[in-house]
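Engineer: Coordinates for the following, if possible.
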Amino acid sequence: MSATRIIFLTTLSMLAFASNSVLARVALKYTDIDAASFTSIRLISGAIVLLLVAGFRSRSGDGKGSWWSAAALFTYAASFSFAYVNLSAATGALLLFGAVQATMIFYGLWVGERLVKTQLAGLVLAFGGLLMLFLPGWSTTPPLSSSLLMMGAGVCWGIYSLRGKGAGDPLRTSAGNFARAVVFTAGLSVLLLDRLSLDSAGVGYAVASGALTSGLGYVIWYMAMPSLKATNAAIVQLSVPVIAAAGGIVFLGEPITLRLTLASSAILGGIALVIIKKRTPRVDAQGTKAQISH
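Structural biologist: Okay, the predicted model is just below:
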């Protein structure tokens, strides 16, 4: 694959991932759709697109997904939606991304990876940035409950990505996981039926989030990933919160505050130090490497 094509596909996938935050925030702030319905429509739309693409494009018979991965995917998607009822696009993307990367880093430590001094400094810097985001006395402190929900969403996405390690063809596996997650999200919608609220604009944003920025976004990312080193694949994801912040400014008129700027610099800079200094990915007993995804 040519360098130009790799750059194009990678840029497109990062735009898609960042757009998820913007679409969710627009839908849940400016339309009448409820968070449970947004989650259900997003997952159903994503499942349809991934199943169709996997049926036409994927030649491998490996990878069917699993109920545990589907549960992690559903929990991520539901927490993501409910968090964005009150969080800005930029803050939500930063918390989500930070939690995803933290989950993967701590998993690496748990299975025996060791950090050098520069990486430890990066972790301290990143956690300092997170604490800065919630320091009292600032008028722009994000709601704690929504922030915890978004960080929980990031942990679940990190778990979902780690479970994709050695699970077979990533496209078929994702399609299977999305299809199974529909069962969970249907149950959520039934439980919250008394809060059901829909309008055409909200449904449209949810479909776009599921079919385009989730479903097709993952397909494009899987096309680009084989040509990227694992470290490069992780580093390039540092752009997602920045793109989401830009989208929030352009489409939602969200301000970029001093607190968010300082916290973002510390969190993303700290994570970059950990990733850049990371040694060759640890190979497990089955000879597989952890899949980096978002």
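
Engineer: With only the CA atoms kept, save stretch 124-136 in CSV.
Structural biologist: Extracted in CSV, the C-alpha atoms of stretch 124-136 (Å, rounded to 0.1, in the frame of the first residue of the first chain):
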residue,chain,number,x,y,z
VAL,A,124,2.6,10.9,36.3
LEU,A,125,2.1,13.7,33.8
ALA,A,126,-1.1,12.1,32.4
PHE,A,127,-2.7,11.6,35.8
GLY,A,128,-1.7,15.1,36.8
GLY,A,129,-3.6,16.3,33.8
LEU,A,130,-6.6,14.3,34.7
LEU,A,131,-6.6,15.7,38.2
MET,A,132,-6.3,19.2,36.8
LEU,A,133,-9.5,18.7,34.9
PHE,A,134,-11.4,18.2,38.1
LEU,A,135,-9.7,20.6,40.4
PRO,A,136,-12.3,22.7,42.3
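
Engineer: And the contacts of the host helix or strand of V274?
Structural biologist: Following DSSP states H and E, one finds V274 within helix 258-276. Residues outside helix 258-276 that contact it (C-beta atoms under 8 Å, 6 or more residues apart in numbering): 90-91, 94, 97-98, 101-102, 105, 115, 118-119, 121-130, 132-133, 135, 138, 140-141, 231, 234-235, 238, 241-242, 245. For glycine as for every other residue, the C-beta is placed from the backbone atoms N, C-alpha and C.

Engineer: Just those: which are in helices?
Structural biologist: 90-91, 94, 97-98, 101-102, 105, 118-119, 121-130, 132-133, 231, 234-235, 241-242, 245 (DSSP state H).

Engineer: which among the residues you listed end up buried?
Structural biologist: 90-91, 94, 97-98, 101-102, 105, 119, 122-123, 125-126, 129-130, 132-133, 231, 234-235, 241-242, 245 (16 or more other C-beta atoms under 10 Å).

Engineer: Relative to the whole chain's centre, how far out is the helix or strand bottoming out on mean pLDDT in the chain?
Structural biologist: Lowest by mean pLDDT, DSSP states H and E among the helices and strands of the chain is helix 230-236, with a mean of 71. Centre-to-centre, helix 230-236 and its host chain are 15 Å apart (C-alpha atoms, centre = their mean, to the nearest Å).

Engineer: Just list the residues touching D199, thanks.
Structural biologist: Residues near D199 by C-beta under 8 Å, 6+ apart: T31, D32, I33.

Engineer: Can you report how many residues neighbour the last one?
Structural biologist: Counted with other C-beta atoms under 10 Å, residues neighbouring I33 total 23.

Engineer: With L228 instead?
Structural biologist: Neighbour tally, L228, other C-beta under 10 Å: 17.

Engineer: How much space separates S66 from R180?
Structural biologist: Applying C-beta to C-beta, to the nearest Å, the value for S66 to R180 is 8 Å.

Engineer: Looking at the two, which is more packed in?
Structural biologist: Per other C-beta under 10 Å, whichever of S66 and R180 has more neighbours is R180, with 21 against 16.

Engineer: What ranges does the protein have for its strands?
Structural biologist: Assigned by DSSP state E, the chain shows no strands.

Engineer: any weak-confidence spans in it?
Structural biologist: In the predicted model of the chain, residues 1, 57-63, 136-140, 166-167, 230-231, 277-294 satisfy pLDDT under 70.

Engineer: rerun at 80
Structural biologist: For the chain, the stretches flagged by pLDDT under 80 are 1-3, 56-63, 113, 135-141, 164-169, 225-235, 277-294.

Engineer: ranges for the helices of it?
Structural biologist: Under DSSP H, the chain gives helices at 3-30, 35-57, 67-83, 89-110, 117-133, 144-163, 170-191, 200-207, 217-224, 230-236, 239-252, 258-276.
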